[in-house]
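[1] any chance you could fold what I've pasted below:
(2 chains)
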Amino acid sequence: MALLQISEPGKTQAPHEKKFFIGIDLGTTNSLVAVIQNGSPTVLTDKGNKELFPSVVQYKEDGTVIICNESNQEDLITFRSIKRFIGKNTKDFQKNKPYLPCKFIPDENIIKFEVFDKVLTPIEISSEILKYLKNFTEEKLNGEIIGCVITVPAYFDDAQRQATKDAANLSGLKVLRLLNEPTAAALAYGLEAKKVSKVLVYDLGGGTFDVSVLDLNDGVFKVLATGGNSSLGGDDFDNLIVKYIVEKFDLNVDNELRNKLYLYAKEIKYHLSDNNEFTIDLNKFGFKEKKFIITREEFNRIIESLVQDTLQICRKVLSDSKLSFQDLDEIILVGGSTRVPFVKESVEIFFNKQTLSNINPDNVVAIGASIQASILAGDLDEDLLLLDVIPLSLGIETMGEIVEIIIPRNSTIPVSSSKEYTTFKDGQTSMSIHVVQGERDIVSDCRSLAKFVVKDIPPMLAGSARVKLEFQIDADGILNVSATETTTGKTTSIEVKPSYGLSDSQIEKMLKASFENAEEDITNRLLRESIVEAERVILSINSALKIDGKELLDSREFDEICKARDNLEQKIEQREKDLIISAIKNLEKVSEIYISRRMNSNIQKIMKGTDIEEFK
Amino acid sequence: MAIDFNQNYFQLFELESSFDVNQENLEKKYLNFQKTFHPDKFVNASDQEKRISLQIISYINEAYETLNNDYLKSMYLLKINGYEIDDQNTTISDPDFLMHQMELREELEEIKESQNSNLKKNFIKKINEHKKECLEGFKKKFNDNIFEEASQKVKEMKFYLSIENEILKDN
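    Numbering: from 1, shown residues only, chains lettered A, B, ... in the order given. Here you go, the predicted structure:
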């Protein structure tokens, strides 16, 4: 794509270092990293040849953090499944209190954990996992990661997506795009190559179960419906096996033995996935003469009701998507627990259809993410475009607690919508707006996203000020709001109070704090980022000028742009962040008219029916 | 933004500004726009280009959505012909239609209470027929430049959509 051609990988970079774009599956139980190497996706393995990194973060009192390597040491505060907390506040857990490894501090916007002498949010804890994956990958590949795609569940709302992005930002990863997990799975199977197709993604992980129905139409991926159970997974199979053994021998178990049996149950489950029977021998736990054979049939019977539960959820989600069984073209199995033969068989019998499962179900989401990362980076020569939709409607509170929908669910993103409001009092200078997400009519039934206060409205008679609010959802499904008073054209300031998560300044503070003890200091990182951005701008301007600079600009305009560009090049030499940024701004300002003309000229070409191929 | 987006949605997609748009041309242009301006094509670009791409593609998505939705399209057609309808204020004053509205509402309540799936199915079918009729009415009035009456049809359509939405939500 040559609108303003940028992608010349390697050009702005030090020649000896390799650059990578990676895909990350940031899972509830395990996380994975995949990268495209020599044109095909590879899942990275650690020294022990393991692909799965447990999403576990442990803190020691002395400040040490153990990440992705669960330790049995005592006196550790252990966070498993931190993903369940991301983008949520304490109110979200009032009904259903999860297991918490430590005390938390009540806060309206975000959960704060009291970890010894520190106060940590799920964003910071998740960022530890991402930081670990980043460092591991850079070491393994002996290069630098310049961008990544991180997958999120399709049902993640604005707050959860924003929090995931914040965690990545904090870990020093640049997120090219957040990608829906089921979409990633479809991408891994190359389903985008099909013209039209309806796909059900059955994702049974260690601790969660998700079902999504996708509609693929010429590169447009729509999530028609999602559902699941956030506390149902393969771990429950293990618990049932433990229960079975305990009941069979009428054992008295303490916590320690239960833990041991639990690990043993996993072993049994894995064994029975490949073999027909397993000899359970409790001799090693100190029980003599307690030995018997468990068959696969018996195991199937033990887990049958759980598997039935998942199928009922499938039925519900399918009906939500207004499709019938016959409409489905493909069923994709995702998640390690689908490796249990009985799960696969049951799904196939239920849908009367073969499933797609030839890609390792643990890896499929990460693989899809790496493909998307590669496409975005321009590395894969594929003309694929994923058009995603927002999973939940966005609305604002109006009189009487009623939700007025501003952007309906399933709108293709990015999307924007504007609404005009007026003042109801003479001389009113501010107004508050409450943004919610969800499908219900009443505000309290939806999820509160943010409260905005629009300030600095010029004082006028009631009803004469016109405040135009612009709601912009970007390609990651994240909302931005801006406001203008239209009668005076004055941009009014907005004070955002997110109902969830952290404000930008809080994130920046954390970022600074995280560098306090790090070898590379924050000033350096910001300088480097500004140089990268400056080089990007220069490269893009140069290649544009070469194509149509003479055509679209008169000589005065042309010279002016060149002058601003040369000035920026000079500033890069001086290695001063602020100077570089203001020179970038200057160049952008000078070339704004040019870029607009280029965009327009491209639109004109499309209007004339020029095939897109011609100006690639 | 200096980009000239003053042209209306039909001009943007190079379509005749009438209710029956050439769907094939619309889809083709839409995909071309997406392949040129989607933010995914600008992940390595400067922030400025990213911003512009975001604005352009949001506009294109809005335009496409409008031309692909009968209700939005009718409203938009009236709007570019100088006859704007306030989406929030679509009260209908025609007494016959008010009567008809009340009857349908009563029927809806009864069906909701009975939970009879056959009745429900038939009701949905009936609403669909009303919608179709209403659209035909709109097209005729609009083509004859009787905008006042065409706008009545749009308001009626809004009512049918909301009642349809209600029955579909009811599970």
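[2] hmm, residue B:119 is touching residue B:112, no?
    No. Using Cβ atoms under 8 Å, residue B:119 is not in contact with residue B:112, being 9.9 Å away. (C-beta placed from N, C-alpha, C; glycine too.)
[3] show me the helices in chain B, by range?
    B:9-12, B:23-37, B:47-67, B:70-80, B:95-114, B:117-143, B:147-169 (DSSP state H).
[4] spit out the contact partners of residue A:75.
    By Cβ atoms under 8 Å, 6 or more residues apart in numbering or on different chains, the residues touching residue A:75 are A:60, A:61.
[5] please read the previous query as pertaining to residue A:372.
    A:23, A:149, A:177, A:179, A:184, A:187, A:386.
[6] how close does it get to residue A:185?
    Using Cβ to Cβ, to the nearest Å, residue A:372 is found at 12 Å from residue A:185.
[7] domains in chain B, by residue range?
    Domain segmentation of chain B under automatic domain parsing yields B:9-68, B:95-169.
[8] which of the residues in stretch A:353-367 are buried?
    Neighbour-count burial for stretch A:353-367 flags A:353, A:355, A:356, A:357, A:359, A:361, A:362, A:363, A:364, A:365, A:366, A:367 (criterion: 16 or more other Cβ atoms under 10 Å in any protein chain shown).
[9] where in chain B is pLDDT low?
    Within chain B, the stretches with pLDDT under 70 are B:1-5, B:87-90, B:170-171.
[10] residues of it that sit close to chain A?
    Contacts of chain B with chain A, taken as Cβ under 8 Å from any Cβ of the partner chain, map to B:1-4, B:14, B:29, B:31-49, B:52, B:54-59, B:61-62, B:64-65.
[11] how many residues are close by residue 43?
    No chain in the question, so chain A it is. By other Cβ atoms under 10 Å in any protein chain shown, 19 other residues sit near residue A:43.
[12] my bad, the chain I had in mind was chain B
    Applying other Cβ under 10 Å, I find that residue B:43 has 23 neighbouring residues.
[13] and the residue of the stretch 451-600 of chain A nearest chain B?
    residue A:596 (4.0 Å; Cβ to the nearest Cβ).
[14] for burial, what's the neighbour tally of that residue?
    16.
[15] tell me the secondary structure at it.
    Following DSSP: H, G, I helix; E, B strand; the rest coil, residue A:596 is assigned to helix.
[16] show me how the record splits chain A into domains.
    Taken from automatic domain parsing, chain A resolves into A:18-189+A:363-377, A:193-355, A:394-502, A:519-615.
[17] got those as JSON lines, with mean pLDDT columns?
    Shown next, in JSON lines, are the domains of chain A (pLDDT from 0 to 100):
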{"stretch": "domain A:18-189+A:363-377", "mean pLDDT": "89"}
{"stretch": "domain A:193-355", "mean pLDDT": "90"}
{"stretch": "domain A:394-502", "mean pLDDT": "81"}
{"stretch": "domain A:519-615", "mean pLDDT": "81"}
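[18] to residue B:125, which of the ones you listed lies closest?
    The closest of the domains of chain A to residue B:125 is domain A:193-355. By Cβ to Cβ, the value is 15.4 Å.
[19] now do the same end-to-end measure for that closest one.
    Using Cα to Cα, to the nearest Å, the end-to-end distance of domain A:193-355 comes out at 18 Å.
[20] so is that domain next to chain B?
    Yes. Domain A:193-355 is in contact with chain B by Cβ under 8 Å from any Cβ, via A:218, A:219.
[21] so what's the gap between that domain and the chain middle?
    Distance of domain A:193-355 from the chain centroid (Cα atoms, centre = their mean, to the nearest Å) equals 24 Å.
[22] swap in stretch A:548-557?
    On Cα atoms, centre = their mean, the centre of stretch A:548-557 falls 42 Å from that of its chain.
[23] ends of that stretch, what's the gap?
    Using Cα to Cα, the end-to-end distance of stretch A:548-557 comes to 13 Å.
[24] sorry, back to before: can you list the helices of chain B in JSON lines and add mean neighbour count and distance to residue A:292?
    Shown next, in JSON lines, are these (neighbours: other Cβ atoms under 10 Å in any protein chain shown; distance: least, Cβ to Cβ, whole Å):
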{"stretch": "helix B:9-12", "mean neighbour count": "20", "distance to residue A:292": "72"}
{"stretch": "helix B:23-37", "mean neighbour count": "18", "distance to residue A:292": "61"}
{"stretch": "helix B:47-67", "mean neighbour count": "21", "distance to residue A:292": "62"}
{"stretch": "helix B:70-80", "mean neighbour count": "19", "distance to residue A:292": "67"}
{"stretch": "helix B:95-114", "mean neighbour count": "13", "distance to residue A:292": "55"}
{"stretch": "helix B:117-143", "mean neighbour count": "15", "distance to residue A:292": "50"}
{"stretch": "helix B:147-169", "mean neighbour count": "17", "distance to residue A:292": "53"}
